[in-house]
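S.K.: sequence first, predicted model second:
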Amino acid sequence: MTTAATRTEALLAARRGRLGPSLSVSYHDPLEIVRGEGQYLFDRAGERYLDCVNNVCHVGHCEPRVVAAGQRQLATLNTNTRYLHESILEYARRLTATLPAELSVCYFVNSGSEANELALRLARTHTGARDVVVLEHGYHGHTQALIDLGHYKFAGRGGQGAPETTHVVPLPDPYRGPHKGYEPATGAAYARHVETAWEQALAAGRRPAAFLAESISGCGGQVVFPAGFLAGAYTATRAVGGVCIADEVQVGCGRVGRAFWGFELQGVVPDIVTLGKPIGNGHPMAAVATTPEIAASFANGMEYFNTFGGNPVSCAIGLAVLDVIQEDGLQRHALAVGERFMRGLRDLGARHPLVGDVRGEGLFIGLELVRDRATLEPAAAAADELVETLRHRGILLSTDGPHHNVVKIKPPLVFTHENADEVVEALDDVLATL
Ligand SMILES: Cc1ncc(COP(=O)(O)O)c(C=O)c1O
């Protein structure tokens, strides 16, 4: 074995022992990444990799203005929210300025899981009910309450099924789902499943608390919903007294290009929105935004305290991320690069029968591989081989979806037109070999 391979084996063995064997690692030949810059990652040997999957380092790995803002504040003060501090108010003001006017109250937390957990508490306190309708193949976080709401987890390997408070409806997948296409009639057909789920829950004596869904499904395989789906699902939920939660942890903050938040693409205003990953560019921070009415219900005497949420360092970083998105026009950039990328991927479909579907919004893209375009037989092994081959060509991608046959593309927003062309060219080469 080479020295590098020996080192990889030693690190893997140490991980298994010290970090628990349930922690996964990307790629058959794992990478030891030691540095990041913009859309690139570098391994110990100095090899450069084009990062096509990290939607957390949203404005680029180690973006200098974000790093400087964090360093400055870390050298000045870091405390909790029990002292008055301007930065949390400024950050709440700037964040809510990007959201519909109704969502004017913010809570700050440390991870997407924590944001969804808090959203669930807000919904349950406000409605006095517990039941939630979720989408098939959804993932919302790793806490017990969220495993119980994440079909991807409770119905997956090691899962123990859903509790009686969770009601699952089909993922509105225009390509593979029971209703096809992006038309409003398809959106309405999927929304009817939400209506039916609530009817059945009510008939069984259950009481509606919330409808929880991502605005574009990530773990479901980068699935963009048909027109009107969220509007119909929200109407059905509100009609029975529930509130609507949009999980923007993956897709939010300018990535989808045509809008700043994913739910805007569907023309809805949620009652609660959860934000995570991209808002801190890699710093562990997340947030929940809601209406004054729901915030008032939540203020039932129990204090909301969070040791780290909303600390001055996180707020300085969050403000810097918003500044960079705005100063560098990254939302517009995501739209332009994403459209060119998807055009290139669709062109590949003319030459490679494995390309089943290309879908996405801005720089949140899915490339679904199939063995047969008529039966939609998933090409999971080919998708896996594609990702592994490209890793050795310095391009980092991953797969997801219930059949593990969707190549996920969600790079830092500084990804360029040339980067998109480079990936399309590499895919063209590799698809020809599969
Ligand atoms: C849609 C969605 N919601 C919530 C989470 C949980 O976020 P975190 O891992 O920061 O707890 C994730 C994480 O992958 C996610 O994809």
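M.R.: Noted; the coordinates are in hand. Computed from a predicted model, the values in this text were never measured in an experiment.
S.K.: what's the closest non-adjacent residue to Thr125?
M.R.: Distances taken as Cβ to Cβ, 6 or more residues apart in numbering place Phe298 nearest to Thr125, at 5.1 Å, with adjacent residues excluded. Yep, even glycine has a C-beta here, placed from its N, CA and C like the rest.
S.K.: need the pLDDT of the residue most central in space within the chain.
M.R.: Centroid-nearest residue in the chain, with Cα atoms, centre = their mean: Gln250, separated by 1.6 Å. Looking at Gln250, its pLDDT reads 97.
S.K.: what about it, which SS state?
M.R.: coil (DSSP: H, G, I helix; E, B strand; the rest coil).
S.K.: isn't it up against Gly220?
M.R.: No - taking contacts as Cβ atoms under 8 Å, Gln250 lies outside contact range of Gly220: 10.8 Å.
S.K.: where do the contact lists of the two overlap?
M.R.: Listed as contacting both Gln250 and Gly220 by Cβ atoms under 8 Å, 6 or more residues apart in numbering are Glu214.
S.K.: follow-up on the earlier one: and the residue nearest to the centre of the chain, what does it touch?
M.R.: Asn55, Glu214, Ile216, Gly218, Lys277, Phe364, Lys410.
S.K.: would you check which pair of these lies furthest apart?
M.R.: Ile216 and Lys277 (13.7 Å; Cβ to Cβ).
S.K.: for the ligand, see how far away the residue nearest to Thr125 is.
M.R.: 20 Å (Cβ to the nearest ligand atom, to the nearest Å).
S.K.: please shift the residue numbers so they start at 12 in all later answers.
M.R.: Sure, I'll start counting at 12 from here, so that last one is Phe309.
S.K.: so what's that residue up against?
M.R.: Contacts of Phe309 by Cβ under 8 Å, 6+ apart are Arg132, Leu133, Thr136, His137, Tyr315.
S.K.: in stretch 202-217, which residues are buried?
M.R.: Ala202, His204, Val205, Glu206, Ala208, Trp209, Ala212, Arg217 (16 or more other Cβ atoms under 10 Å).
S.K.: again, but for stretch 349-365
M.R.: Gly349, Glu350, Phe352, Met353, Gly355, Leu356, Leu359, Gly360, Leu365.
S.K.: and the helix of greatest length in the chain, C-alpha only, in PDB?
M.R.: Looking across the chain with DSSP state H, the single longest helix is helix 341-362. Output of helix 341-362 as PDB, limited to C-alpha atoms (Å, rounded to 0.1, in the frame of the first residue of the first chain):
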ATOM      1  CA  LEU A 341     -25.200  35.700  -6.400                       C
ATOM      2  CA  GLN A 342     -28.900  35.100  -6.700                       C
ATOM      3  CA  ARG A 343     -28.900  36.400 -10.300                       C
ATOM      4  CA  HIS A 344     -25.600  34.500 -10.900                       C
ATOM      5  CA  ALA A 345     -27.200  31.200  -9.600                       C
ATOM      6  CA  LEU A 346     -30.000  31.600 -12.100                       C
ATOM      7  CA  ALA A 347     -27.700  32.300 -15.100                       C
ATOM      8  CA  VAL A 348     -25.200  29.500 -14.300                       C
ATOM      9  CA  GLY A 349     -28.000  27.100 -13.400                       C
ATOM     10  CA  GLU A 350     -29.800  27.600 -16.600                       C
ATOM     11  CA  ARG A 351     -26.700  27.100 -18.700                       C
ATOM     12  CA  PHE A 352     -25.800  24.000 -16.600                       C
ATOM     13  CA  MET A 353     -29.300  22.500 -17.200                       C
ATOM     14  CA  ARG A 354     -29.200  23.300 -20.900                       C
ATOM     15  CA  GLY A 355     -25.900  21.400 -21.100                       C
ATOM     16  CA  LEU A 356     -27.200  18.500 -19.100                       C
ATOM     17  CA  ARG A 357     -30.400  18.300 -21.300                       C
ATOM     18  CA  ASP A 358     -28.200  18.300 -24.400                       C
ATOM     19  CA  LEU A 359     -26.400  15.200 -23.000                       C
ATOM     20  CA  GLY A 360     -29.800  13.500 -23.000                       C
ATOM     21  CA  ALA A 361     -29.700  13.500 -26.800                       C
ATOM     22  CA  ARG A 362     -26.500  11.400 -26.800                       C
END
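S.K.: that one packs against which elements?
M.R.: strand 366-372, strand 375-383, helix 428-442 (3 or more Cβ pairs under 8 Å, 6 or more residues apart in numbering; DSSP states H and E).
S.K.: and these as JSON lines, adding distance to Leu61 and mean pLDDT?
M.R.: Putting the helices and strands packed on helix 341-362 into JSON lines (distance: least, Cβ to Cβ, whole Å; pLDDT from 0 to 100) gives the following:
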{"stretch": "strand 366-372", "distance to Leu61": "18", "mean pLDDT": "98"}
{"stretch": "strand 375-383", "distance to Leu61": "15", "mean pLDDT": "98"}
{"stretch": "helix 428-442", "distance to Leu61": "6", "mean pLDDT": "98"}
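S.K.: export stretch 370-388 to PDB, keeping only CA atoms.
M.R.: Extracted in PDB, the C-alpha atoms of stretch 370-388 (Å, rounded to 0.1, in the frame of the first residue of the first chain):
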ATOM      1  CA  ARG A 370     -34.600  19.300 -13.400                       C
ATOM      2  CA  GLY A 371     -33.900  22.100 -11.000                       C
ATOM      3  CA  GLU A 372     -34.100  25.700 -10.100                       C
ATOM      4  CA  GLY A 373     -31.000  27.900 -10.200                       C
ATOM      5  CA  LEU A 374     -28.100  26.000  -8.800                       C
ATOM      6  CA  PHE A 375     -30.200  23.200  -7.200                       C
ATOM      7  CA  ILE A 376     -30.200  20.600  -9.900                       C
ATOM      8  CA  GLY A 377     -30.900  16.900 -10.300                       C
ATOM      9  CA  LEU A 378     -29.800  14.500 -13.100                       C
ATOM     10  CA  GLU A 379     -31.800  11.300 -12.900                       C
ATOM     11  CA  LEU A 380     -30.300   8.300 -14.600                       C
ATOM     12  CA  VAL A 381     -32.500   5.500 -15.900                       C
ATOM     13  CA  ARG A 382     -31.800   2.200 -17.700                       C
ATOM     14  CA  ASP A 383     -35.000   2.500 -19.700                       C
ATOM     15  CA  ARG A 384     -36.800   5.800 -20.500                       C
ATOM     16  CA  ALA A 385     -40.100   4.000 -20.900                       C
ATOM     17  CA  THR A 386     -40.200   2.000 -17.700                       C
ATOM     18  CA  LEU A 387     -38.000   4.500 -15.700                       C
ATOM     19  CA  GLU A 388     -36.000   1.600 -14.400                       C
END
